[in-house]
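Novice: Sequence and predicted model, in that order:
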Amino acid sequence: MKKNIPFFMIVGLLLLANIKVLAQEKIFNANEILSKVDDVVNAPKDQTIKLKLILIDKEGKEEVRELIMFQKGSEKRVVKFISPASQKGIAFLSLPDDIMYLYLPAFKKTRRIASHIKNTKFAGTDFTYEDMEAKKYSEKYIPELLKKDESHYILQLKPKDGVKTDYSKLIVWVRADNFYPTRIEFYDKSNNLYKVMTREKIEKVGGYWISKESEMEDLKAKHKTKMIVVDIKFDSNLSDEIFTERYLSR
């Protein structure tokens, strides 16, 4: 004989199941989320990335460049243009404590980038020197969790006291499943939306999460820079010699 389960028992079982799932789900605060973002983005011991840059002006005209980027940990980065001929050899070095250098082959000279010009665009792209530096967001910004939906945490980041930046705040979309940042909104000193960075084709390569395509859009200039990963290598035991002023001029 078939027995019918009372409706109230079904509801009770469903409620118990939901409570169990919620209990198992870890609730992260803003600081924990941002720390995980830093861990995911800077997970490799070192990385070597060949990139294709596409600069797009407001008329849709495109200009293509290529560069190679070396990074060690979360604090050292070298970016060097390899084409076209007019840009070849231009190089940028980012070191701890906001130390940055720029090498211009036309002048055969390396100069240190002063903190008050960190907001200058790098070699005509939509990335400033500040955008290009290797860093941990948790060391420079105070996070606030604005919202969580089914797929993302949305954080507001405001600069810590003493941090020199031209951004009043950042709004960052962080994937809830892997803590990879997929969108960053940059606000100027007047609190107006200035630039938007989006990251797409997010994949796991060699055990690390990366974005194979990203775009920085300057909303005021109506100009975009697309960045496409052509080749990438991780944990190659890069020499510290690469992250020096001397290497920039090679």
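Specialist: Received the coordinates, thanks. Numbering: from 1, shown residues only.
Novice: contacts, neighbours, all on C-alpha from now
Specialist: Noted.
Novice: wait, doesn't Phe179 sit right on Glu32?
Specialist: No. Between Phe179 and Glu32 no contact is recorded; they are 10.3 Å apart, counting by Cα atoms under 8 Å.
Novice: which one of those two has more residues nearby?
Specialist: A side-by-side neighbour count of Phe179 and Glu32, using other Cα atoms under 10 Å, places Phe179 first with 21 against 12.
Novice: residues in contact with that one?
Specialist: Ile33, Lys36, Val37, Val40 (Cα atoms under 8 Å, 6 or more residues apart in numbering).
Novice: So Leu95 versus Lys26, what's the distance?
Specialist: 35 Å (Cα to Cα, to the nearest Å).
Novice: picking that back up, who wins for most neighbours among the contacts of Phe179?
Specialist: Ile33 (24 neighbours).
Novice: In terms of helices and strands, where is that one?
Specialist: For Ile33, the element it lies in under DSSP states H and E is helix 30-41.
Novice: which residues of the protein fall in helices?
Specialist: Ranges of helices in the chain, per DSSP state H, are 7-24, 30-41, 129-132, 137-140, 245-248.
Novice: worst average pLDDT in the ones you listed?
Specialist: The stretch with the lowest mean pLDDT among the helices of the chain is helix 7-24, at a mean of 50.
Novice: Please report phi then psi for Lys136.
Specialist: Main-chain torsions, Lys136, degrees, to the nearest 10: phi -110, psi 120.
Novice: which one is it nearest to, not counting chain neighbours?
Specialist: Among residues not flanking Lys136 along the chain, Asp38 sits closest, at 5.6 Å (Cα to Cα, 6 or more residues apart in numbering).
Novice: ok, now Asp188?
Specialist: Leaving aside its sequence neighbours, Asp188 sits nearest to Tyr167 (Cα to Cα, 6+ apart; 4.8 Å).
Novice: Packing partners of the helix holding Ile33?
Specialist: If you count contacts as 3 or more Cα pairs under 8 Å, 6 or more residues apart in numbering; DSSP states H and E, helix 30-41 packs onto helix 137-140, strand 141-148, strand 208-218.
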